[in-house]
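Engineer: A structural model of the following input is requested.
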Amino acid sequence: MHARAPAGFGALREPIAGRARARGPARAMSPTAHPRIVGIAGSLRKDSYCSAVLRALARDCEGIAAITIQSLRDIPLYDGDLERAGLPKPVIDLKSAIADADGVIIVSSEFLHGIPGVLKNALDWTACPNTSRALSRKPRIIIADELSLGLAPLIVEKLLASLRGAAADGSAVLLVEQHIRQALAVADYAHVMRRGRIELSDTAVNMLERIDEIEHTYLSLPTVE
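Structural biologist: I've put the predicted structure just below:
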């Protein structure tokens, strides 16, 4: 499995086969159809970075996948009374869009050491026990960019441990990271990029034996004859 990292050093952790906790039958996708993806931004602000990332993905994936951005603006606060009385239309629309999709992309920033409340609220609605759980059996990929940039080492270690746990639970993880050894410690496969192009690709185990070569490639250092 290969993944193209946006910039710098990309390390990929593939899901461990058979570990994903899935419920219910998976919806088959036509082999000739483009995957249908639902994009969800963890921010309500119209010009948020999360929304900008989704718009860029939708544009760049034209002809490869159909990405539809689903707004959370009209999703009410989760309320058990509302659920028992009948799901609000915005919730029905969200759950239906996710259920009909081949995958879901969630783009979110960190907020007070967690995910934004608007996103957590929407996820609560999709997983409410008295209705179908829309996110069941959906492919999952986690993309993390530069965890070591500006964060305390202890926090970085905790985040990397979380990524390892997510991979063990069936998620694919793409880590874009300049700290080579930290990235290789959690990766199965790795790419090194220079000026937007992949220059090196190999297993993480083999990459550990090529640290000098990686540094020369990544830093654009001249080769010593």
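Engineer: leaving out chain neighbours, which residue sits closest to Ile198?
Structural biologist: Spatial nearest neighbour of Ile198, excluding adjacent residues (C-beta to C-beta, 6 or more residues apart in numbering): His191 at 4.9 Å. Every C-beta, even on glycine, is put in place using the N, C-alpha and C of the backbone.
Engineer: please tell me I have it right and that neighbour contacts Thr203.
Structural biologist: No - using C-beta atoms under 8 Å, His191 makes no contact with Thr203, being 11.2 Å away.
Engineer: more neighbours, these two?
Structural biologist: For His191 versus Thr203, the count of surrounding residues by other C-beta atoms under 10 Å is larger for His191: 22 against 12.
Engineer: hmm, back to that, so what pLDDT did the residue nearest to Ile198 get?
Structural biologist: Looking at His191, its pLDDT is 83.
Engineer: renumber starting at 53 from here on
Structural biologist: All set: I'll call the first residue 53, so the last point we hit is now His243.
Engineer: can you tell me the SS state at it?
Structural biologist: For His243, the assignment made with DSSP: H, G, I helix; E, B strand; the rest coil gives strand.
Engineer: which element is the nearest residue to Gly166 once chain neighbours are set aside on?
Structural biologist: Counting by C-beta to C-beta, 6+ apart, the nearest residue to Gly166 once its immediate chain neighbours are dropped is Lys172, at 7.5 Å. Assignment of secondary structure by DSSP states H and E places Lys172 within helix 169-178.
Engineer: so what does that helix touch, helix or strand wise?
Structural biologist: Counting by 3 or more C-beta pairs under 8 Å, 6 or more residues apart in numbering; DSSP states H and E, the packing neighbours recorded for helix 169-178 are helix 141-152.
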